[in-house]
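# Need coordinates for the following:
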Amino acid sequence: MLRVISLLLPALIPSWRFFKSVAPSPRVEYRVIGGAHAQDWQEDRPRPATISVATLVRRMVWNPAWNEQLFLVSCAERMIEEPSPHSLNEILIRVARLLEAQEGLLQIRLVFIAREGEALVKTVEYESDPVPISTLKGGA
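Numbering: from 1, shown residues only. The predicted model follows:
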């Protein structure tokens, strides 16, 4: 019985030691160049300032949007460590899927935000070449 408890205990009370380090994760920003919806850089899927308790409880059980956001963060981290066309394409397709614009060029960048003293400093780590939105929406 003691053996069973010792096997179940790590599942019930997880250890956070599996993280190599705690560091800021990259944020995805995008802009549309040309077309009717041309815009400046903006954050993809910004977090809401507040959420209700009911929403919080519902998200503990069902939150596909957050799962997709976690996938985007994984792709962004891979792009920083070892850029690949696959990771870039996955980010571009998912950003394009949420855009109203059907024409123009989509460009993404990966940024880190860190606190230096009292100031927040944004560092751009990666910036993609512009890609036609129509090609991305066809691949989504």
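
# now the longest helix along the chain, how far from the centre of its chain.
When the chain is parsed with DSSP state H, its longest helix is helix 64-81. Mean-position distance between helix 64-81 and its chain equals 4 Å (CA atoms, centre = their mean, to the nearest Å).

# Now do the buried residues in stretch 3-10.
Buried residues in stretch 3-10, counting neighbours by 16 or more other CB atoms under 10 Å, are absent. Where you see a C-beta, it was placed from the backbone N, CA and C, and this is true even at glycine.

# Contacts for the longest helix of the chain, please.
25-28, 44-45, 59, 84, 87-88, 90-91, 94, 110, 125-126 (CB atoms under 8 Å, 6 or more residues apart in numbering).

# Now do the SS call for residue 60.
At residue 60, secondary structure determined by DSSP: H, G, I helix; E, B strand; the rest coil is helix.

# ok, how many other residues are close to residue 36?
Neighbours of residue 36 under the rule other CB atoms under 10 Å: 10.

# Please apply the same query to residue 99.
Residue 99 has 17 neighbours, counted by other CB under 10 Å.

# Please apply the same query to residue 88.
Using other CB under 10 Å, residue 88 has 20 neighbouring residues.

# contacting residues around it?
Counting by CB under 8 Å, 6+ apart, residue 88 touches 75, 79, 108, 128.

# got a pLDDT number for it?
Predicted confidence (pLDDT) for residue 88: 95.

# Stretch 110-128 spans what distance, first to last residue?
Start-to-end span of stretch 110-128 (CA to CA, to the nearest Å) is 9 Å.

# Can you point out the buried residues in that stretch?
Counting neighbours by 16+ other CB under 10 Å, one finds that the buried residues in stretch 110-128 are 110-112, 126, 128.
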